[in-house]
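Novice: Okay, here's the prediction I keep looking at, along with the sequence it came from:
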Amino acid sequence: MPKSLYVTVKQAHSGKSAILLGLMQLLVRMVPRVAFFKPVIRDRLNGGRDHDIDLLQSQYNLDLVYEDTYAFTFSQVKELIKRGDTA
């Protein structure tokens, strides 16, 4: 059985959250431990958090530190690309 699953979409507002909820519902029944990772999240003003991360953490009581569920914000990615640091 694969140890990871990557879900991606071509456009915003495509129903990704509903698909993620369905997949997570299946996974929590099949495997002993599930996690969620989103490579890039939107920048949030005033300490706001990512909707998808909060939704899955609250729905499935995932034992994850919020900061470990993503790698970069969009502004961090833009800065890395601007510096030419794409490796």
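Specialist: Okay, I see it.
Novice: got the contact list for Val65?
Specialist: By Cβ atoms under 8 Å, 6 or more residues apart in numbering, the contact set of Val65 is empty. C-beta coordinates here come from the backbone N, C-alpha and C atoms, glycine included.
Novice: What strand or helix carries Pro39?
Specialist: strand 38-41 (DSSP states H and E).
Novice: For that strand, which helices and strands make contact with it?
Specialist: If contacts are counted by 3 or more Cβ pairs under 8 Å, 6 or more residues apart in numbering; DSSP states H and E, strand 38-41 sits against helix 51-60, strand 70-73, helix 74-83.
Novice: Out of those, flag the one nearest Ala18.
Specialist: Of all the helices and strands packed on strand 38-41, helix 51-60 sits nearest to Ala18, with 10.3 Å by Cβ to Cβ.
Novice: Give me the distance between that closest one and the centre of its chain.
Specialist: 9 Å (Cα atoms, centre = their mean, to the nearest Å).
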